[in-house]
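Undergrad: Compute the structure for the input listed below.
(chains A and B)
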Amino acid sequence: MHWHKRLAVAGVAGAVALTASACAGGQVRGAGGTPGPSESAAATGGAAPKQNDATFVYSPNLGVVTDWDPATSYSNEIVAMSNIYEGLTRYNAETKKPEPRLATEWSSAKDGKEWTFKLRQGVKFHTGKPLDAEAAKKAIERTIKMNGGPAYIWSAVDTIEAVDPATLKFTLKYATPLDLVSSAGYAAYIYDVDGVDKDGKKDGGTGPYTIDQWQKGKETELTLKAYEGYWGGWKPEQYKKVAFRVTPQLTTAWQLLQRGEVNFVQRLNPQLFEQAGMTQGVQVKQTPSFQNLLVLFNTESGPTKSAEVRQALQLAIDYDGLAAALKGAGVKSSGLVPQGLLGHVAGMEPKQDLAKAQELLQSAGYGPDNEELKLKLTYAQGDDDQKLLVTLLSSALKNVNVAVEAKPMAWEAQWDLGKKKGQDVFVMYWYPDYADAYSWFLNVFRSKDQPEFNLSYLKDAEIDKAIDSLPELTATDQLKADQVYADLQKKIIQEKAAVAVPYVQTYQRALTADVKGYVDNPAYPNVVFFYDLSR
Amino acid sequence: MWRYLLRRLGQALLVVAGVVTLTFVIMRLVPGDPAVAFAGPKASPEELAAARARFGLDDPLPVQLWNYVRDLVTGDWGTSLHTRRPVREDLMTAFPASLELVGTALILAIAVGIPIGVLAARYKTKFPDLGVRVGSMLAVSVPVFWLALAVQTVFASNLGWFPVAGEYDGALDTTSPLTLWTNITIVDALITGNWPIFTSTLQHLVLPALVVAAYPAGVIAQLTRAALIEEAGQDHARLERALGFSESKILTRFALRAALNPVLSLIALVFAYAMVNGFLVEAVFNWPGLGRYAVDSIRSLDTPAIAGITLMIAIVYVLSNLAVDLLQGVVDPRARAR
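TA: Residues are numbered from 1 along each chain as shown, chains lettered A, B, ... in the order given. Okay, the predicted model is just below:
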């Protein structure tokens, strides 16, 4: 055979072998019946019909679902799950209170150790079963038994009793604001335990949307469709179809948004966000989150053991410069508890004061005329905002003879080192798993023999006592709880100088202009409640 | 031929074994506890201990390596810490899309690179040669990520000639559901006669495939040119000239066959390179291939997934080299004797 022909035959054989090796055996892709995202753009032409047939397209930058089990789910899928599943309550960041969802009313007794929830009537799971107290009990007990990452939120629960089909009673081991716990974005879902499917082909939720199709790894990874039997009913202008189009690259997401191919971009960088604010056909929303940056000082050993050094470091941070450089991606914080949560204190905004910082350093035996102070600082690798903080801080401290050895690290490695008390300054974000400021105090500032997240290594019996009183006070006397939170923040930040809180992150969302009704709820990070939207 | 094949297979297995060992060692050298990546950033000590027990992270390193190799051999590539699914399953979902993109790009690169290499050799030191040399130099040296962004902004976003991103129009999943046989969308659309998806995929393929093809096309053109110029100076070319063959005929009919040997070897190399280079292009164009999986895995320090991707690329590299070795044996019997 001529060499050209032999080469051609070999090529064809190779292609056939390659094709055969990837053989999938004739499954049909996209048979779920939900129109793809492009319909959204197509539907915008012509006279606006009352019936909303468009698909709402959400553009996340990471995969949509890693775990379909409502008991153990603890990752990006919160966005989809929050529209498929519901809890007993939902937190409202404006009123700072949980609101009715599957429970219509609730009350606590015995100093917050007993909680009774009245369930909404006429609710059906997507499996067709009716919601009653027995089903809700089974769901929560299963979540507790599975003991996945977020199941700890129920740790106060001793027993659950289905008093009657519409009444669910919890007896607790210790006082806890269970109405807040029930509003959590993870592990608080009420679901039909027989409807759970790890392959995402069906679900056991009660929410307004149900799974249409899940194609792991595909660009349009997930599509949801309206659950016609939803207890809230449906209006013509609401979105009945939702698609998640994964777009890792921010510039690509921005271009897709401009062309109307996606309706919601979870995150843009500050430059693109600024541009989005000036672009026709695009609307932007900014909302402070519940996530703040903590600069934790080692209170146990090393140079930062001195309270004066810690106070000097607090004063060296250029809070205003940092907030300006973040261009809206963060706002200056006031205290440890972000706005929108019980315990937030106004008027505690920190300020840079280099003269005072130098004075404190001199008093501690450091500063320009003394020996150079060397500090080891660790922060998150790849986080530009943290890098900005570190750059500004290092530069300010250089003027007062303090050298910062800053080390960007992956969280796993940074945390490992932190647990071994291997740094003087530890920079990290903190956010609560449900809308309760207690999370900061219990995890980050309560004494621990073996540090987990208490990476300032603070040990103070008085602070511990005040922290321990918080759950009961939140459940029974919120005014008093607010006061205890305020006192604790003053003690931890001003007196002990265990931490500096430079800023609270801000969510910067971009949406197509035709979407109405969008409100960002920081208690549910990145979640869009599609049911609330219309066009 | 069989001895040649067996020898090449043996060498390929050695390379894969080396990659497996190296990957494992690097996985364990990365600072941080993989259990944290699985159990979550707020995991309790009990959850971390359970995750460590589940993945055998408390075993001595040699035991862990042995378990890793044993599992690999039995087809278990581990569980992704991020997606919590078997890594092999994840890779098999993403790989066909990458193969589709890189395969198309390579066909483009060969279809363009070899002819322009011939053109440059034919008009050595003249204007076409200069144009090809400058063009191929640019194609090789421009960073692929930048090229992808530039091409996307100009041809998709500003001019609107091509789609901005994606593999095909998602709305077609409803109107023209695709029956999967190979999981490679364009191939399945072709063999099942699904023309709406076929044409949509072709439109979506143009920009990313051109960007991925830029580097291989440049390298192939340069090497073809150099190999042909060398061949054109050999004794056989002088004889062919004496016999009255034209320069074009000498290059295409006689010199090209011999010149193709190094070009074929190069294709194997650039195929694996394009696969990795394509990761960045996939990220820009939302191509649902290994790139997105790699980005997610690296962001979440998902060591089993990162190891799986590394191993898969190594296997692609080894297999493509093997295929080229065999093709060289077909094209040039002297290769079998080497």
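Undergrad: going forward, measure contacts and count neighbours with C-alpha atoms only.
TA: Noted.
Undergrad: what ranges do the strands span in chain B?
TA: Under the criterion DSSP state E, strands of chain B are mapped to B:178-180.
Undergrad: Now do the longest helix anywhere in it, average pLDDT.
TA: For chain B, the longest helix by residue count, based on DSSP state H, is helix B:195-232. Averaging pLDDT along helix B:195-232 yields 91.
Undergrad: near chain A, which residues of the stretch 101-250 of chain B?
TA: Residues of the stretch 101-250 of chain B lying near chain A by CA under 8 Å from any CA of the partner chain: B:157, B:164-167, B:169-174, B:177-184.
Undergrad: Using the record's assignment, carve chain A into domains.
TA: A:86-195, A:288-506 (automatic domain parsing).
Undergrad: Dump those into a markdown table; add mean neighbour count and mean pLDDT as well.
TA: Compiled in a markdown table, these are given as follows (neighbours: other CA atoms under 10 Å in any protein chain shown; pLDDT from 0 to 100):
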| stretch | mean neighbour count | mean pLDDT |
| --- | --- | --- |
| domain A:86-195 | 20 | 94 |
| domain A:288-506 | 20 | 92 |
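Undergrad: of all these, which lies closest to residue A:254?
TA: The minimum distance between residue A:254 and the domains of chain A falls on domain A:288-506, with 16.8 Å, by CA to CA.
Undergrad: Between the two ends of the closest one, how far is it?
TA: 4 Å (CA to CA, to the nearest Å).
Undergrad: and it, how far out from the chain's middle?
TA: Mean-position distance between domain A:288-506 and its chain equals 20 Å (CA atoms, centre = their mean, to the nearest Å).
Undergrad: Kindly report the same for stretch A:62-79.
TA: 12 Å.
Undergrad: can that stretch be found next to chain B?
TA: Yes: interface with chain B: stretch A:62-79 contributes A:62-63, A:65-67, A:74 (CA under 8 Å from any CA).
Undergrad: And those, which is closest to chain B?
TA: Comparing the residues of stretch A:62-79 next to chain B against chain B with CA to the nearest CA places residue A:66 closest, at 4.6 Å.
Undergrad: Could you pull up the contacting residues of the closest residue to residue A:456 other than its chain neighbours?
TA: Leaving aside its sequence neighbours, residue A:456 sits nearest to residue A:298 (CA to CA, 6 or more residues apart in numbering or on different chains; 4.6 Å). Applying CA atoms under 8 Å, 6 or more residues apart in numbering or on different chains to residue A:298 gives the contacts A:304-305, A:421, A:423-426, A:455-458, A:498.
Undergrad: Could you list the contact residues of the stretch 51-200 of chain A toward chain B?
TA: Looking at chain B, the residues of the stretch 51-200 of chain A close enough under CA under 8 Å from any CA are A:62-63, A:65-67, A:74, A:149.
Undergrad: quick one: which of those residues is nearest residue A:130?
TA: For these, the nearest to residue A:130 is residue A:67 (24.8 Å; CA to CA).
Undergrad: Quick check: chain neighbours aside, which residue is closest to that closest one?
TA: residue A:73 (5.2 Å).
Undergrad: any idea whether residue A:161 is helix, strand or coil?
TA: strand (DSSP: H, G, I helix; E, B strand; the rest coil).
Undergrad: Now do the same contact list for the closest residue to it other than its chain neighbours.
TA: Excluding the flanking residues, the one nearest residue A:161 by CA to CA, 6+ apart is residue A:169, at 5.0 Å. With contacts defined as CA under 8 Å, 6+ apart, residue A:169 is in contact with A:114-117, A:160-163.
Undergrad: Can you tell me the SS state at residue A:169?
TA: Recorded secondary structure, residue A:169: strand (three-state DSSP).
Undergrad: Chain B versus that one, what's the distance?
TA: To chain B, residue A:169 is 28 Å away according to CA to the nearest CA, to the nearest Å.
Undergrad: before we move on, back to that, in helices only, show me the residues of the stretch 101-250 of chain B next to chain A.
TA: Reading helices off these with DSSP H, I get B:172-174.
Undergrad: So the residue nearest to residue A:67, which state does it fall into?
TA: Strictly by three-state DSSP, residue A:73 counts as coil.
Undergrad: The one 3 residues further on too?
TA: Judged by three-state DSSP, the three-state class of residue A:76 is coil.
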